[in-house]
Each structure stands twice: as structure tokens, then as C-alpha cells.
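# Pasted the sequence and its predicted model underneath.
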Amino acid sequence: MLSVLHRGLLPLFCALTLSAPALAAEPCLPCHLEKTPAAVKRWQESAHARAGVGCEGCHGKDHDKILKGEAKVDMTVCAPCHKKAFQEHQASRHGMGLHSGWGCTRNLPGRKADECRFCHREGDTAPRSDVQCARFLKQSSEMGQIGCNSCHAVENACDSCHSSHSTDLAIVRNPNVCAKCHMGPDHPQWEMWQTSQHGTINATLGRNTGPDCQTCHMPKGTHNVSIGITMNSGGIPYDEKKARPARADMVRICSACHASEFVRRELQRDDAVRAQSLKLLKEAEQILWDLNDHGLLDPMPEQRPPHPLSGNKLVTDAQMLYEDTSHIERLFFKMKKYDYARTVKGAYHQNPAYTHWYGNAELKMDLIDIKAEASRLRERGKKGLERKSSIEEELTALQKKFERGEISDKEYAREKEKALKAME
Amino acid sequence: MLSVLHRGLLPLFCALTLSAPALAAEPCLPCHLEKTPAAVKRWQESAHARAGVGCEGCHGKDHDKILKGEAKVDMTVCAPCHKKAFQEHQASRHGMGLHSGWGCTRNLPGRKADECRFCHREGDTAPRSDVQCARFLKQSSEMGQIGCNSCHAVENACDSCHSSHSTDLAIVRNPNVCAKCHMGPDHPQWEMWQTSQHGTINATLGRNTGPDCQTCHMPKGTHNVSIGITMNSGGIPYDEKKARPARADMVRICSACHASEFVRRELQRDDAVRAQSLKLLKEAEQILWDLNDHGLLDPMPEQRPPHPLSGNKLVTDAQMLYEDTSHIERLFFKMKKYDYARTVKGAYHQNPAYTHWYGNAELKMDLIDIKAEASRLRERGKKGLERKSSIEEELTALQKKFERGEISDKEYAREKEKALKAME
Amino acid sequence: MLSVLHRGLLPLFCALTLSAPALAAEPCLPCHLEKTPAAVKRWQESAHARAGVGCEGCHGKDHDKILKGEAKVDMTVCAPCHKKAFQEHQASRHGMGLHSGWGCTRNLPGRKADECRFCHREGDTAPRSDVQCARFLKQSSEMGQIGCNSCHAVENACDSCHSSHSTDLAIVRNPNVCAKCHMGPDHPQWEMWQTSQHGTINATLGRNTGPDCQTCHMPKGTHNVSIGITMNSGGIPYDEKKARPARADMVRICSACHASEFVRRELQRDDAVRAQSLKLLKEAEQILWDLNDHGLLDPMPEQRPPHPLSGNKLVTDAQMLYEDTSHIERLFFKMKKYDYARTVKGAYHQNPAYTHWYGNAELKMDLIDIKAEASRLRERGKKGLERKSSIEEELTALQKKFERGEISDKEYAREKEKALKAME
């Protein structure tokens, strides 16, 4: 096959004709033409080679470390030459990568203070809850590598998108590159875009007529992919102060083709879909907490392995786990993590099936299932298999509400008195 | 980027060189080159521009209405010039669009008698049940727009497929355009076709060897996409009288490449798959009605918001909702709306995985789950949480069967007597 | 359309210019240019036509048999000329096709001893359990044809991949051809590969840079697609003796581009993911057997149609059915057949979303649901609806364990005594 030629003659030819770059890589090439032929080939065709940036320039000189996979070429290597891209990236959500690019620092030797600060306020051992790392903490090392860090390494590795060694911009100009991570049940932007109007026009008439990911999310090639986004990574809307300028940015981007009035109307319609979907989530969440307060989950948080951050408490925010919980929590996880995301992102990416069937219909059906399971758990509670007097249940529920600050101490005292009176 | 050139020089150039069309659009162009650059560009490259059909020709003159989004360019605008396409379209299922393209007329001012007749027989306030609009009636306005009408607008808007302003036939000759709507859990024809023999050959050798959507469903470019279809939009087979000529049409289409005997055998095999799948649906449906008749659903129809068309009754036909019902009804909704469709359409589109794994296996597993939930509900009933005497349950069940015409008054009287006798 | 030309002029032209091939096919052509135009066209463009292999060479002379679909062109027809491909194929998993390519021989007249031996040891009427045909035995003939044999015919039909009549290698060199079968919920290699690094690079820079299915699984065009695979078709790892040389083969293949140390590390990481996933499966499976042993499944195996191979026994191995079982068995079927496969194959195909969200997260959530349902079934058992004394339950459970060889007769005697003592 052609690869035989590539492996033998072509690299040899390239090695002889390249002067300065060849010299720069010379120590590595004889071995590596045989050991890592693709990497060498890609480098030889690259802008780095033409600019005289050889192997050691990025990989360093410690070959033992490299062999052990301990000399990752991270952004600190690329940044000095690619300042603009680096700064834009750092300002974006890619640059924070949900900070699981390197995993929680508890798992790493030589932790840097910077890493701690991502999850913790100064001097506080409790993590801020909007940082999602509880699920990562539960992973085996292998699952963490391939299942989490493969994508979240975007925080700190340019080759997440740019591939390694090749500098061919065709790779990053094709929306396929975004599909490596932005697909799947929790954020299927690739799938949504492909069958949206934008995607189908793009497939037929090209990117100047049908915009792709890069058109809207990397205008003029900026690496700040978060321009124009008006919600956090869990799909929770920003407050007005933060959302307003972001929305103005997005309107500007869409107005490259569309009337800005049309753009505003469409995006406001999508905002409404988001708000309606959030309401459904809240309704479902309330049911879970009510069951929790009445001691009716099966199993209860205290009857299962503790949550890595919250211990033996119910967790329904961004730190929610998908293992060892009750069936009704599992239903809510799907509702929140997959179906809410698909409804909302489906709307903003103008895909009817994702907004409706994969989205809204699933949210509504999740709610049916959650209510049905709640009904079953309540009846189960009444049947006394885990029987407490109903007064005890009410007092326990009130205590839990007070402990998490949902009712004041005045309300707590008042409600307690009511419950005890009812007992007489 | 190239779009800068497009936005600046090219339109200017076009504006200067086009004579009659330029004059026709002249009032609009100066503003709109800046306000809606893509629309202007597409129009300038279009056959409409070359034929002297300018902005006002389609949009009318009332700029205020246009700004408010109240001057939709619908088919009544296109039809006078594109008579053949319009008539073919009207004869097809696209032309009826499940009549949610404009929503149920209860939601619209200025309703036309034609619209009423789509859902109602003359003089009848009860809708015919094979018109699907109950789910649309439950949607928020925003979800109705993006989740339903984006696709169902095909009934009344040529730009559903043709895109707006561009008249480039490459758009509508690429099966991608069908994918905008014909994808998703309830009708994944795009997905099925892509990995079928037809689709894979199409990807490798092109459409003259591997047929695409348009080849089979728009033979010779007809807009009557329903030629050769032998079932209604819910997948229920036509009666023999209607199916026969339709099947003959499809055999004729497939015989462009295949032996007609082979075609007939294959399609009859698919008919058998459809009949077998329908039997599974009926089996599941019967279980639901039996539970309903015995007052065992949780919640019962009378314990939930009324169905917009049927009130407080169980609904398992095409008007079925996916919200506020019981868990077992939700299981049946998935079975009927998604899994039956995938099995049947998977067969007719020659996709094994959709026919089998996404189809038949899911139908069978839905039936397992429905039977399991029925077993649970029956046991729950016996445990007396919602306890009636079993004689009462039987009498209620009989009454319901009689009221909906499932048994005659003679049978009703006879069965009632039997039940009462058993009581003694 | 162009097909009109194809149907009329081009075949005529070809018929006149081809000499020997034309003569070879001459008896068939006049009719078949009209009856099966695509087949004729493809043949005329083919290497077979150029080599003088005409219709009768493959189809034989019995036209009646052909018309009845009883003269399938199977591999025994192709093999004499294509020996190498045939032998390689026979050595691979494609060549065993899970032996449902022709269905279980019980369904076929004229069964060959070879066919029996695939499922049975000599003289043994009980099938070996790692042959998957129980689900096939439950299918209707039509579902078996389109849902099973369409893909499994790869065992015995070259046209599964090569298409019929056309010999254009472009078909089989495009990974699309693999997608016809290697997609779907139980083995979505096509979907995984498409958004993996390999797949996205392939889409942008072509197959010499981004490997496709054929690159890794058919190195140098071999038809032995099983080179380098270290597990059986159910995803169960081979023992060390068999896995070692297979792994060495795969390392060799990947080393065409990558450092072999990197390859080994990556594949070992994937082996770990596989082992961890298998543990989850075993945990779930144990729950099912425990419920079975305590008579708590709803329905129990003896209360449902018998398994075609195992009768009224619980089946959780490769012969597992997806119909007529209990809900908890249905959950396990999904876990084993779909989610385990996706986790493991997702890892080996370097797709994070499939390894994690479609894979590991689903496995964990399946386990939640299985434990929840087990909890419900156990409580149901205690409530006495199907009440046995708990001593009876324990004795029954012990007897079942002994009968299937899970405990020795000594252990059985000892445990029985303990249970009876507890009764006093």
C-alpha cells in the first residue's frame, strides 16, 4: 500500500531536502522515522518544521520522561509563541475545561496552588458546587483518562483540536474536529447541527452559505469559543447583567447573514424554551427533595457509599452522581444531564427533533416516570416496611429543611409546634 | 474572510450588472445589503432574480407587517407560477403536514373553513382521531414553533425544503434536505437510509447507482412524495383497496433497478413485519385498556389534567399525550410512537439494525416492561390501597366497555348478570 | 433523468462492443436489460464481464430456481477463483457469522453435518452456550431474514460487502460498507469511529493520515478481519494464551503510525476498562441469580414460554432472550448486550462519549435500576403475595445452586443442615 512508500522513501527524501528543520530534529529522526513514522511525517509537513521548531523545542530533552508519558506537551509549551490564541482560549470555557483536564489535584502529585483554587475558595476545604468533579473522583484511573480527560484535556492541550505534529489548518477548520467531544447524549451539538438548516445548507453549498461550528463560535478565528453564550456549562442562564452583553455579541455574529430583529426574536424564543424546561427540572427536583425529607428514597443517602464531596446527603446539583443512587435519582440525572441539555441546545442550534422529541418529550416523560416512582415510594412508606409514625416523618422533614437553610428558625419553631399539636 | 468580499464587492457588482431584476429590487437593496446580506446574496444568484421576480413579488409591500413576522411567504404566493409542483404537493402527505403547520385553528385568528374540515367532519365538534394535534395543543407557543412547526410548516411553505431566497436545486437534490425533519426517534429515515445498502452505495458510487430519498420518493422530480406509500402517517396499513394501486406504484419505482418479482417479495416481507409489529402493539394496548377498565392505572384519567380532545378518558390512539399520564401509558407511547415506527420504516428502508435492534427488540422489551408494570398495578390493586370489591371492579369494567361500544347491550346485560350471580 | 439514458442507450452500446463477455451473457441479456437493468449494468462494468464470467457462471442454469430465490450465489460459488480471500474470510469471525447466516439448521431442509457441528458437540443435542442462536429461533421468518440474516449472511455471501454484480473496489474500500452492519445499539463501531480522532482526521485529511476500518482491520487487504482481536463476539476476553499473539498482531498494526510503547499502554488501558466493565456485569448478574434462586422473579422462568434451548430456566449468557422475561432480566439484557459492548468497543476505538456516557454511565445506571428492582422484588416477596416460608425459600435456593454445580454436595449438605437448624 501507499503507506509502504510513505514509510520508506518519502521521509528519507524529505529528510535530505530539509535543511535547518532537518538539522533541528536530526538527533531524533533516524530512530523516530521507524518508531513513530506518522508523527515524523506530520511534523515534516508542518509549519513548525518550516519555522525551525524541532522535536526538542516542544518535547524537551528528557527522553526517559517522554517514554514514561510524563512529559506532556501542554499549553505552557505552545503559549509563548501563540500568545493571542492562548489568551483567547484562557478566557473561554475551553480554557477552564471543567478543570478535569488534569483531574482533581487530590489525584496528582506536585499539586499547584492554582489547581486548588479552581475548586476551593481560599482557605476552604469544601469545594464550590458549580465545579463538576464529583463524577471524575469516582472514576477508575482508566475511565478518567479515556472517558473524561480525552475531552476535558482541551483545557490544557492544544492538540485536543489541532492534533499533534500536524499544523494543517484544514483539521481545525472542519467542524468534524468539534465532533470529537461535542457529541453524545449530554451535548449532541454535532448531531443537531448536521440536520439543522445551517448544517444541511453547509453540506450542500459550503460554509460561506451554511455556517458551521467555527463560523458562529469562533468568529474571525478567535479561540474564545464562549463569545455569545448566555448560560453556564450546566445550561443554567446567566443573570441579566452577564447575559446582556453576551447576547449582544451573538446577535452581532448571526447578523452577518440575518436581520438582527429576526435573530433577537429567534434567540428570545429559545430563551423561553430554556426557561420552560428549567421549570420542569425544578418540579422534578422538588419531588426528590420531598421524598428525601420524608425518608422515602430507596436507598436513602445514608444507606449508600458517601458522595465524594457531600457525604451522606442527597445531591441534585451539578455534582450529581450516576452510581449507587436510587432509581428516582437516576431518572432525574438523565432528565437534567441529557434531556434538559438536548432541549435547550437543540433550540439554540435550530434542530426541531432535538428540541422536541429528544428534548421536551423526554423531559415530560421523565416527569411522568418520576411522579410514578414517587407515588410508589410514598405508598411503600405508608405500608410500614420502613415505618415511622407520620409525625416523626414530618419532624424529620422539618429538621432537614431547617439544616439546609430552606426555612428560618422562626418558621421551624412554628411548624414543629403545629406538627406536635396535631399529634395530641 | 471571503465573506467580507461577499458582503462588500460582490453584491455591489451584481447590483450594477443586473438590469431588470436590480430595478425590481432597487427600493429594498440599499438597506438590505446591510440588514439581511445573506438573503440578498441568495436572491441575486437566484432564478427569481434572473426572471425579474424581486422582493415585493413575494414579500408584498407592507414593510411593517414583514418586520413583525406577519407576512409569511406561504405557498399561496408560490403556487400561481409553480402550479404543477403545488398541485403534486397538495396531493401528498406533505401537503397536509398533519395540519399542525399552522397549528390548530383554535389558536389562530381568521380561521378558514378548510382548516376546520381537516380535523372535523361537517357539523361535528369532536375531531376525527387520526388527526394528530392533541400534543400540539399542549405545547407552549415557543415549543410549538420550533419543536412542531419547524417541520410541519412543510404543509404550507416551499422554503421548508427549498430554503428561502436561494433557488439552487442542489439544495433539494441532496437527501440532506430531507434529513432536517425525517430523522429522530420517531421517523429516522435519514439515519436508516445512510447505513442501508442503498445509502452506502450512494455514498461510494453516487445517486445513479445508489438511490437516495429523492430517487424513490420523488420519481422524475414529482412533489407528490406519497406515491407508493401503503400506510397512514401513524404506520397503520391502508385497506386493500387503497393499498393495491399504491403498492403497484412503488413496485414500478423499484423496478427501475430491480426485478419486479424481487421487489414484490421484499415489500411483502416488510408488510409481514409490519403486521407482526402491529400485533405486538395491539397486545400492549389491550393491557392498558384492561387496567383502565379495572380502575388500576396510577393515576387514572380522571385524576389528571383532561386530554385536550377526549377529556378524562384513556387515550391510546394517534392523539396520545406524553405528559401527565401514568408510567405504563408512557411505556406504550414510546412503543407506538418510536419503536413501531422504527421497526416498520426500518424494514421498508432495508436497514437491519433499525428493523431489529432499534425496532423489534425494543417492541418486545417494551412489552416485557408493560407486562411487568401491569403485574405491579394489579397486585397494588389487590392490596386495597385503592380498594373496591372485585365485583364492583368487574361491573365498572363492563360499563366502560359498553359505553365505548366494545360490547353490545345484550352482551352487557348477560355479563352483568354473570358477575352479580358470582357475588351470591 | 440520466437513468433513462442508462436504461436505453448505454447498455445497448455496451452489449454491442463487448465480445466474449457479451457472448457469455447473451442468452440472459435481452430480457434482463429490461427486467433487472441495474444488475446488468453493474455486471457489464465489472471485472467479471471483462474476464468472461457471465450470468450462468455464478447463477447456474436453473432459471426456475433462480426465480424462486432458491439459487443464492454463496461463497462456494466465489471461492474456487478467489481462494485467498475465501480462506482468510473463513479464518475470521465473518466466516462464522455467528452462524445465523443460514439460520439454525432446524429451520432448513437438507441440513449439512457441518452446520450441526457449529452449535453441537458430536453426539450432543444440547447446544454449546457460546453460540448465539436462541434469539434467532424466536424470530418470525421475516424478521429473521431482514433483522438477522441481512447482516449475518456475511458468513456465506461475498455480496454482503462487495455488493452484487459490481466489482468496483471503491465500495469495499469505503468504511461506509462496514457501517451496514457495524452500527446500532449493540456494536456502533461506525458511529464511534466517525467522531474519534482517527475518524475526524480521516474526514479531513484522508485515509493515509486518518485510518479507517479497513486500515486497522484489513491490513494489506486481508479478509481476516479478526486479526488483533482479543475477545469473543460477546466481548469476553480471551485467555492469556490466545490473547497474547492477537495483541502482538494489533500492536504491529497500530505501529504503522504510532510508537509501540504508546500503543501497548493505550490498549492495556482499554483492557482495564473492559475488566472493570465485566465486573459490573457480574455484579448485576449475581443479583438476578439470587432472585431466581429465591423464587422472586416476576414472572419466574417456569411461568413463561420456555427458552428454546434451556427450557424453563433463567438464562443470562449469550443465549439471553429479550422477550417474555421479567423486567429485571430486560434491564440486564440492555446492560450486557448494549452498554457493555459500547463501553468496551468505545475504548478500543478511542471514543470518549461512547466509552463514558453511552457506556460506563449507562452500566452504572443499569446497576442502579437493577438494584432498585431487586429491592422491590424482595419486599414483594416478604409481603407474601407469593409467600413461602423463608426456610422453604432458602432450601429451594440451595437446591438450585447445587443442581447447576455452583456448590459441592458437601457444601449442600452442610448449608441445608444450617437452614433446618435455624427453623427449630
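Looks like it arrived, so ask away.
# what's the average pLDDT for the longest helix seen in chain A?
Ranked by residue count, the top helix of chain A under DSSP state H comes out as helix A:260-293. For helix A:260-293, mean pLDDT is 96.
# ditto for stretch A:133-152
86.
# quick one on the thing from earlier: following the longest helix of chain A, which helix or strand comes up?
Remark: after helix A:260-293, the chain's next helix or strand is helix A:327-333, criterion DSSP states H and E.
# Distance from that next one to the middle of the chain?
In terms of C-alpha atoms, centre = their mean, to the nearest Å, the centre of helix A:327-333 is set 20 Å apart from its chain centre.
# Now do it: which elements does it pack against?
When contacts are defined as 3 or more C-beta pairs under 8 Å, 6 or more residues apart in numbering or on different chains; DSSP states H and E, helix A:327-333 sits against helix A:260-293, helix A:361-382, helix C:361-382. No exception for glycine: its C-beta is placed from N, CA and C like everyone else's.
# The longest helix of chain A and chain B, any residue contact?
Yes. Contact of helix A:260-293 with chain B (C-beta under 8 Å from any C-beta of the partner chain) involves A:Ser260, A:Glu261, A:Phe262, A:Arg265, A:Arg269, A:Asp270, A:Ala272, A:Val273, A:Gln276.
# repeat for stretch A:338-354
Yes. Applying C-beta under 8 Å from any C-beta, one finds stretch A:338-354 in contact with chain B at A:Ala347, A:Gln350, A:Pro352, A:Ala353, A:Tyr354.
# Output these as CSV; include the columns pLDDT.
Output for the residues of stretch A:338-354 next to chain B, formatted as CSV (pLDDT from 0 to 100):
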residue, pLDDT
A:Ala347, 98
A:Gln350, 96
A:Pro352, 96
A:Ala353, 97
A:Tyr354, 97
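# Which of these sits closest to chain C?
Minimum distance to chain C across the residues of stretch A:338-354 next to chain B is 15.7 Å, recorded for A:Tyr354 (C-beta to the nearest C-beta).
# helix/strand/coil for the closest one?
helix (DSSP: H, G, I helix; E, B strand; the rest coil).
# so how many other residues sit close to it?
By the measure other C-beta atoms under 10 Å in any protein chain shown, the count of residues near A:Tyr354 is 29.
# What of A:Ala243?
Around A:Ala243 there are 15 other residues, counting by other C-beta under 10 Å.
# Identify the residue of the stretch 201-350 of chain A closest to chain B, quick one.
Proximity of the stretch 201-350 of chain A to chain B (C-beta to the nearest C-beta) peaks at A:Cys257, 3.4 Å away.
# Now A:Thr209, what are its backbone angles?
phi -110, psi -40 (degrees, to the nearest 10).
# Surely it and A:Ile201 touch.
Yes. The criterion here is C-beta atoms under 8 Å, and A:Thr209 meets it with A:Ile201 at 5.6 Å.
# Could you list the low-confidence segments of the stretch 51-200 of chain A?
A:69, A:97-121, A:127-132 (pLDDT under 70).
# For it, which segments are assigned as helices?
A:55-59, A:63-67, A:75-78, A:83-90, A:93-96, A:113-119, A:134-137, A:141-143, A:150-152, A:159-162, A:169-173, A:176-179, A:189-194, A:197-205 (DSSP state H, counting those that start in this stretch).
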